[in-house]
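Trainee: Using only what follows, build the 3D model:
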Amino acid sequence: MGSPLELGRTLLDAVDCLGGGGLFIGRAHLPAAACPRGIGGPTPVLVSPEGVFDLSALAPTTAALLASADLPDLLRGQRGGRIASVEDALTASQHDRRGTDTVHFLSPIDLQPVKACGVTFAASLLERLIEEQARGDPAMATKVRATIQRSAGERLQAIKAGTPASLHLLKELRGLGIASAYLEVGLGPYVEVFTKAPVLGTVGTGERVHVRDDSEWSNPEPEIVLVVSPDGTIVGATLGNDVNLRDLEGRSPLLLGIAKDNTASASVGPWIRLFDVHFTLDLLMASTLTMTISGEDGFAFEDDCPMDRISRLPDDLVRQASGRFHGYPDGFSLFLGTMVVPTADRVAPGLGFTHRPGDVVAIRHPHLGCLVNQVASTADIPPWDDGIGRLMTNLGRRGLLQEGSSLSASASVQGPAR
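Mentor: Numbers count the residues shown, from 1 in each chain. Coordinates of the predicted model:
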């Protein structure tokens with residue numbers, strides 16, 4: 001378990017979602033041999049049972065593509081050349097094969113800021129309270145969990161955030177001297193919203209995710225990721241892994257940035273499925289995603305996240321992340337949170353779960369496919385240097401930023417430059 005062979009096999013599970021006429025937007029590395037100027041690079045693609053199709057003639061980035069008006073009609077009417085089969089591109093997406101100039105999938109988001117909401121499920125609220133009360137010490141977690149479950153567990157799990165009942169409970173707990181930053185966002189009117197990764201900082205399916213080597217208590221967080229256009233419309237969804245360092249965040253909520261935003265600590269993919277009459281937000285929120293963990297030490301874990309257990313409506317999460325207070329001219333992506341938190345003992349009794357290098361994490365959804373990544377420590381992750389400047393230089397050399405291109409055209413959707 002946790003082997004490269006298993007990683008390769010699990011990558012191919014993504015094709016199971018492609019039937020039924022859904023529209024899937026991805027992002028792939030286009031080899032130099034397939035480019036008119038002999039210069040390869042990141043390219044928006046259409047992913048279908050027939051293969052992977054180049055969309056760079058429509059837009060050079062997925063951010064620009066997803067800002068286009070009437071995108072489903074546009075995609076059904078136009079597509080570029082076929083550049084690979086889906087199976088071949090997925091096979092080439094394994095982290096040990098990415099150095100070759102072959103078609104392989106990247107994270108499907110590029111210029112969109114990567115935002116995330118926390119404490120959106122009762123189970124997540126309980127675990128954050130446990131981290132806080134245990135001060136980031138995994139050895140204390142079991143005792144603290146039992147105490148919190150006895151005192152308020154059932155009431156917390158039955159409540160919806162921001163409602164009169166949740167506000168009453170929050171006031172009651174304050175009156176009892178129970179104060180917590182997590183209770184404020186888990187029960188109060190405002191949601192927790194943070195920046196998970198910088199622009200272009202997410203990794204795609206098949207790539208390695210990163211756990212800092214100074215963390216002793218870490219876990220994956222399987223989540224739905226919404227993709228939002230510049231005008232605030234939720235246009236599609238994909239899968240994400242919000243890798244979390246529980247010991248660091250548990251010491252203080254002010255360490256959230258260090259616990260969450262690290263090189264390769266967020267994976268997204270395999271592709272973005274656009275919402276349409278057959279795939280709606282209501283359908284998504286009535287569905288369930290599943291996460292499995294397979295370790296090289298034989299450890300195995302599986303759990304489900306029913307999205308209807310979320311404590312806040314996704315529209316409200318998007319509104320609080322943007323709305324009149326914050327504009328996103330390139331759109332944005334939003335992790336919705338999770339209720340899956342592995343707690344099974346792994347190293348020793350009473351110490352709970354933590355990641356080990358080599359773990360294979362697979363997140364599956366019947367409508368969105370399968371996102372799979374292998375866990376690595378700091379020493380095994382190369383420095384991140386693939387930023388906005390490099391992308392713009394590459395797109396310019398490929399002739400995709402010329403006046404009159406689709407990127408320029410997308411500005412008419414977003415409004416005038418400022």
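
Trainee: Every contact and neighbour count from this point should use C-alpha atoms.
Mentor: Fine.

Trainee: where's the spatially most central residue of the chain, which helix or strand?
Mentor: Nearest residue to the geometric centre of the chain (Cα atoms, centre = their mean): G240, 2.4 Å. G240 belongs to strand 234-242 when elements are defined using DSSP states H and E.

Trainee: Only the C-alpha atoms, please, for the helix or strand containing L317, written as PDB.
Mentor: For L317, the element it lies in under DSSP H and E is helix 314-321. The C-alpha coordinates for helix 314-321 follow below in PDB (Å, rounded to 0.1, in the frame of the first residue of the first chain):
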ATOM      1  CA  PRO A 314     -22.300  27.400   0.000                       C
ATOM      2  CA  ASP A 315     -23.800  30.500  -1.400                       C
ATOM      3  CA  ASP A 316     -23.300  32.200   2.000                       C
ATOM      4  CA  LEU A 317     -19.700  31.000   2.100                       C
ATOM      5  CA  VAL A 318     -19.000  32.500  -1.400                       C
ATOM      6  CA  ARG A 319     -20.800  35.800  -0.400                       C
ATOM      7  CA  GLN A 320     -18.800  36.100   2.800                       C
ATOM      8  CA  ALA A 321     -15.500  35.400   0.900                       C
END
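
Trainee: Can you tell me which helices and strands it packs against?
Mentor: Judged by 3 or more Cα pairs under 8 Å, 6 or more residues apart in numbering; DSSP states H and E, helix 314-321 is in contact with no other helix or strand.

Trainee: Give me the three-state assignment for the closest residue to R364 other than its chain neighbours.
Mentor: Excluding its sequence neighbours, the residue lying closest to R364 (Cα to Cα, 6 or more residues apart in numbering) is C370, at 4.4 Å. Under DSSP: H, G, I helix; E, B strand; the rest coil, the three-state class of C370 is strand.

Trainee: again, but for L183
Mentor: Strictly by three-state DSSP, L183 counts as helix.

Trainee: thought it was touching L170?
Mentor: Yes - between L183 and L170 a contact is recorded at 7.0 Å, counting by Cα atoms under 8 Å.

Trainee: ok, and the closest non-adjacent residue to V47?
Mentor: Nearest non-adjacent residue to V47, counting by Cα to Cα, 6+ apart: F24, 5.4 Å away.

Trainee: Kindly report the same for P220.
Mentor: V243 (4.6 Å).

Trainee: In contact with that neighbour, which residues?
Mentor: V209, H210, V211, S218, N219, P220, E221, K260, S265, A266 (Cα atoms under 8 Å, 6 or more residues apart in numbering).

Trainee: Now the fourth one. Its backbone dihedrals?
Mentor: Phi and psi for S218, reported as degrees, to the nearest 10, are phi -130, psi 160.

Trainee: give me the beta-bridge partners of it?
Mentor: Beta-bridge partners recorded for S218 (DSSP bridges): L245.

Trainee: ok, it - how many residues close by?
Mentor: 21 (other Cα atoms under 10 Å).

Trainee: That one and S377, how far apart?
Mentor: 11 Å (Cα to Cα, to the nearest Å).

Trainee: any residues in contact with both of these two?
Mentor: Common neighbours of S218 and S377 (Cα under 8 Å, 6+ apart) are V211.

Trainee: Low-confidence regions, this protein specifically.
Mentor: Along the chain, segments meeting pLDDT under 70 span 1-5, 78, 147-158, 173, 176-178, 402-418.

Trainee: For L281, which non-adjacent residue is closest in space?
Mentor: L281 sits nearest to F275 (Cα to Cα, 6+ apart), 7.1 Å away.

Trainee: so that neighbour touches V228, yeah?
Mentor: No - between F275 and V228 there is no contact under Cα under 8 Å: 11.1 Å.

Trainee: Identify the contacts common to the two.
Mentor: V235, G236.

Trainee: Who has more neighbours out of the two?
Mentor: When neighbours are counted by other Cα under 10 Å, F275 and V228 differ, and V228 comes out ahead with 24 against 19.

Trainee: so where do the helices sit in the stretch 51-200 of the chain?
Mentor: All helices of the stretch 51-200 of the chain, identified by DSSP state H, counting those that start in this stretch, fall at 62-66, 71-77, 86-91, 122-133, 138-148, 154-157, 164-175, 181-187.

Trainee: Which elements pack onto the first one?
Mentor: Going back to what we said before, that points to helix 62-66. Short answer (3+ Cα pairs under 8 Å, 6+ apart): helix 62-66 packs on strand 24-30, helix 406-414.

Trainee: in a strand, that's where I272 is, yeah?
Mentor: Yes - with three-state DSSP as the criterion, I272 is assigned to a strand.

Trainee: roughly how far apart are it and L65?
Mentor: 12 Å.

Trainee: Settle it for me: which of these two has more neighbours?
Mentor: Taking neighbours as other Cα under 10 Å, I272 and L65 compare with I272 leading, 29 against 23.

Trainee: Can you name the residues bridging to that one?
Mentor: I25.

Trainee: G240 is in contact with that one, correct?
Mentor: No - with contacts counted by Cα under 8 Å, I272 stays clear of G240, the gap being 10.9 Å.

Trainee: Can you give me the first-to-last residue distance of stretch 344-364?
Mentor: 21 Å.

Trainee: Now that stretch: buried residues?
Mentor: 344, 346, 350-364 (16 or more other Cα atoms under 10 Å).

Trainee: For stretch 8-28, what is the distance to the chain centroid?
Mentor: Centroid displacement of stretch 8-28 relative to its chain, using Cα atoms, centre = their mean, to the nearest Å, is 16 Å.

Trainee: Contacts for it next, please.
Mentor: By Cα under 8 Å, 6+ apart, stretch 8-28 touches 42-49, 62, 72, 86-87, 90-91, 94, 103-109, 205-206, 270-274, 278-279, 362, 366-372.

Trainee: With stretch 344-354 instead?
Mentor: P138, A139, M140, A141, T142, E216, W217, S218, N219, F299, P342, T343.

Trainee: now the residues you listed as JSON lines including distance to F335?
Mentor: Formatted as JSON lines, these follow (distance: Cα to Cα, whole Å):
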{"residue": "P138", "distance to F335": "25"}
{"residue": "A139", "distance to F335": "29"}
{"residue": "M140", "distance to F335": "29"}
{"residue": "A141", "distance to F335": "26"}
{"residue": "T142", "distance to F335": "28"}
{"residue": "E216", "distance to F335": "24"}
{"residue": "W217", "distance to F335": "21"}
{"residue": "S218", "distance to F335": "18"}
{"residue": "N219", "distance to F335": "16"}
{"residue": "F299", "distance to F335": "27"}
{"residue": "P342", "distance to F335": "19"}
{"residue": "T343", "distance to F335": "22"}
